[in-house]
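Visitor: no letters, just coordinates:
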Ligand SMILES: [Fe+2]
Ligand SMILES: [Fe+2]
């Protein structure tokens, strides 16, 4: 859901139907402008001025909004450690990283606004629970090593999900993703480096790093969403060039990329079924507990309430900043208007 699109699952564990639902070939929506699909098929970009089917617009608004919400809610688990970072250097790095995530949220809300929605309405939808954010940010950060594990695994999974979005058919989203992905790769490396320091430190430090990896590994795999068989949004999104690879393909890519890195860290991934499959040319891995994923998305994860309450409180306490920014912009505009008037 972090750069991915899936709804709240129904009780039977299946995703809620997307614009078309079902399987097989997806019919074109009745309001699809002539030439729209051809543009996409030739790898051209759809821009805000272009006519587009309502379902395409709605899918993008939902996905970009969920992505933006994930970026800003994602500041909380790591923000928890800014005041307790083990050195000034680590504190400076973590502050910069968390600030980057706020910036990602801004790029993405701006990209969503090119589709004719207002970010204030998107934030209202987040606060009222009508729009979701990534399941991963509903887990607690219990030790300093969690900051390393998040950078390495969560930002690593985000990269796997988001690099293909740099070629998304909607221009403003694709362009925002290019910059976001560059910054995410810094995040991933800083997490790896922080964990490497711990895993090559004292026995207690290594144990702390291992414990963090044990807790973050499976939720990171869940970030890619339900398995392909249960993901009904995917087919239409693929046809529209919003999504390039399926959830399972991206998850596999992440596993293949991460296993050798775990070896380099000297840490174990908590999956007894993880092993190289020569025939497939990929790592096999154990079964994911999707029931846990769906519970977290429904709002029953360990920190859902805490994260949303904090977000709403921060929004309310920041009302004066928004008012001041609007007043300043108005004053500047008035001043520019009176100067232009004087010249004319
Ligand atoms: Fe980010
Ligand atoms: Fe990041």
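Guide: That came through, no problem. In this text the structure is predicted, and so the values were computed from the model without any measurement. Ligands and ions are numbered 1, 2, ... in the order given.
Visitor: identify the residue nearest the residue in the stretch 201-344 of the chain that ligand 1 sits nearest to in space, chain neighbours excluded?
Guide: In the stretch 201-344 of the chain, the residue that lies nearest ligand 1 is residue 223 (12.4 Å; CB to the ion). For the C-beta atoms, the positions are set from N, CA and C on the backbone; glycine is no exception. Residue nearest to residue 223 in three dimensions, not counting chain neighbours: residue 157, with 4.7 Å by CB to CB, 6 or more residues apart in numbering.
Visitor: residues contacting that neighbour?
Guide: 2, 136, 220, 221, 223, 224, 254 (CB atoms under 8 Å, 6 or more residues apart in numbering).
Visitor: go with 10 Å
Guide: 2-4, 134, 136, 184, 188, 216, 219-224, 250-251, 253-255, 257-258 (CB atoms under 10 Å, 6 or more residues apart in numbering).
Visitor: thought residue 94 was touching residue 85?
Guide: Yes: with contact defined as CB atoms under 10 Å, residue 94 reaches residue 85; the gap is 5.4 Å.
Visitor: name the residues contacting each of those two.
Guide: Common neighbours of residue 94 and residue 85 (CB under 10 Å, 6+ apart) are 78, 144, 147, 194.
Visitor: write out the residues of this protein neighbouring ligand 2.
Guide: When proximity is defined as CB under 5 Å from the ion, the chain approaches ligand 2 at 155, 184, 187.
Visitor: show me the contacts of residue 157 that map onto helices.
Guide: Among the contacts of residue 157, the members found in helices (DSSP state H) are 184, 188, 216, 219-222, 250-251, 253-255, 257-258.
Visitor: helices and strands around the helix or strand containing residue 148, which ones?
Guide: For residue 148, the element it lies in under DSSP states H and E is helix 145-149. On a contact count with 3 or more CB pairs under 10 Å, 6 or more residues apart in numbering; DSSP states H and E, helix 145-149 meets helix 75-79, helix 88-113, helix 171-199, helix 203-222.
Visitor: how much space between residue 75 and ligand 1?
Guide: Distance check for residue 75 against ligand 1: by CB to the ion, to the nearest Å, it reads 9 Å.
Visitor: so what's the residue count around that residue?
Guide: 22 (other CB atoms under 10 Å).
Visitor: where does the chain have low pLDDT?
Guide: 1-26, 232, 340-344 (pLDDT under 70).
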